[in-house]
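In: prediction below, plus the sequence it came from.
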Amino acid sequence: MDSPTTHYSELQEALNQLKILVRGVDPIKCKTNLQDLKLQSYILLSHAIFEEYLERLVGEIANEARKALRSQNHISKVLVGLVASGIIDEVEEKKANRKIVEKTFRSIADFSDTAYNNFLRLVDDNHGVKKENQKKLLLPIGIDPEQIDLATMAALDAYGTTRGHIAHKFKIGREHSLSQIQNEINQITLGLVNFDEAACEALKTVMSTTPSLVTT
């Protein structure tokens, strides 16, 4: 995979399409309750677009790492991240039958499949883009968002807080301006390129296995 990924291009396209929602909204200060409601909807939906982007990106990156192991005997940084994330430890603790555990760990390929499937469940359970959400999604594929782009991590976290305030209570307070929100969206979108590039870079081979290690 190369950056910008299709997921990043789809992110940009979705945000561009979303702008129709705030057409006519005053950029400096919402003039009516309707404008404020449009802006709040804009925040909620753009947040959903960011969240969907991260989830789709990490899901495909993890799958590509798993496929590279089976087809090319390559272990990437992504696969190492999945294994080292502790997801497998959780699976092992839940296995009552030791024979099943032994079968799961018989080969690296089985090991990676188990890690991948459990990672997908983790992604499905994700709700948000705050710091803890970002780390939950990115650390298992070998990416620390704090190290890649601290500013973007913080911007996403702040945007998640803004979205949370709107999502959990109904209030027409005209607290935000369209100009402010669009600046935040632009900053996050530009910064996510760094996450996108880091994810693709992590797929590069870090070592090769012997064919016997990926037998099924």
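Out: Cool, got the structure. Residues are numbered from 1 along each chain as shown.
In: next SSE after the lowest-mean-pLDDT helix or strand in the chain?
Out: One helix or strand of the chain scores below all others by mean pLDDT, DSSP states H and E: helix 98-104, with a mean of 48. Taking DSSP states H and E as the definition, the helix or strand that follows helix 98-104 towards the C-terminus is helix 108-124.
In: and that next one, what does it pack onto?
Out: In terms of contacts (3 or more CB pairs under 8 Å, 6 or more residues apart in numbering; DSSP states H and E), helix 108-124 is packed against helix 33-72, helix 77-84, helix 87-94, helix 98-104, helix 131-138. For the C-beta atoms, the positions are set from N, CA and C on the backbone; glycine is no exception.
In: quick check: which ranges of this structure have low pLDDT?
Out: Low-confidence segments of the chain (pLDDT under 70): 86-107, 205, 207-216.
In: residues contacting the spatially most central residue of it?
Out: Note on the chain: the residue nearest the mean C-alpha position is Leu54, at 2.4 Å, using CA atoms, centre = their mean. Each residue near Leu54 by CB atoms under 8 Å, 6 or more residues apart in numbering is listed here: 129, 133-134, 137-138, 195.
In: of those residues - the most surrounded one?
Out: Val129 (27 neighbours; other CB atoms under 10 Å).
In: look up how far Leu139 lies from that residue.
Out: With the distance defined as CB to CB, to the nearest Å, Val129 ends up 15 Å from Leu139.
In: before we move on, what about Ile188?
Out: When CB to CB is applied, the distance between Ile188 and Leu139 equals 19 Å.
In: next: Tyr116.
Out: As judged by CB to CB, Tyr116 and Leu139 stand 15 Å apart.
In: between these two, which is the more surrounded one?
Out: Here Tyr116 and Leu139 are compared on neighbour count by other CB under 10 Å; more neighbours surround Tyr116, at 20 against 17.
In: surely the more buried one touches Asn63?
Out: Yes: checked against CB atoms under 8 Å, the pair Tyr116 and Asn63 is within contact range at 6.7 Å.
In: hmm, who's touching stretch 175-192?
Out: Counting by CB under 8 Å, 6+ apart, the neighbours of stretch 175-192 from elsewhere in the structure are 8, 11-12, 15, 22, 25-30, 39-40, 42-43, 46, 50, 53, 149, 151-152, 155-156, 158-159, 162.
In: try it again with 6 Å
Out: The list of residues contacting stretch 175-192 from outside it, by CB atoms under 6 Å, 6 or more residues apart in numbering, reads 22, 25, 27-29, 39, 46, 149, 152, 155-156, 159.
In: show me what counts as buried in it.
Out: Neighbour-count burial for stretch 175-192 flags 176-178, 181-182, 184-185, 188-189, 191-192 (criterion: 16 or more other CB atoms under 10 Å).
In: likewise for stretch 60-79?
Out: 60-62, 64-66, 68-69, 73-79.
In: same thing with stretch 40-53?
Out: Residues 40, 42-43, 46-47, 49-51, 53 are the ones in stretch 40-53 that count as buried (16+ other CB under 10 Å).
In: convert the C-alpha atoms of it to CSV, please.
Out: Coordinates of each C-alpha in stretch 40-53 appear next as CSV, following Å, rounded to 0.1, in the frame of the first residue of the first chain:
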residue,chain,number,x,y,z
GLN,A,40,-23.4,21.1,15.2
SER,A,41,-24.5,18.5,12.7
TYR,A,42,-21.4,19.4,10.7
ILE,A,43,-19.2,18.7,13.7
LEU,A,44,-20.9,15.4,14.5
LEU,A,45,-20.7,14.1,10.9
SER,A,46,-17.1,15.3,10.3
HIS,A,47,-16.1,13.5,13.5
ALA,A,48,-17.7,10.3,12.2
ILE,A,49,-15.7,10.7,9.0
PHE,A,50,-12.4,10.9,10.9
GLU,A,51,-13.4,7.9,13.0
GLU,A,52,-14.3,5.9,10.0
TYR,A,53,-11.1,6.8,8.3
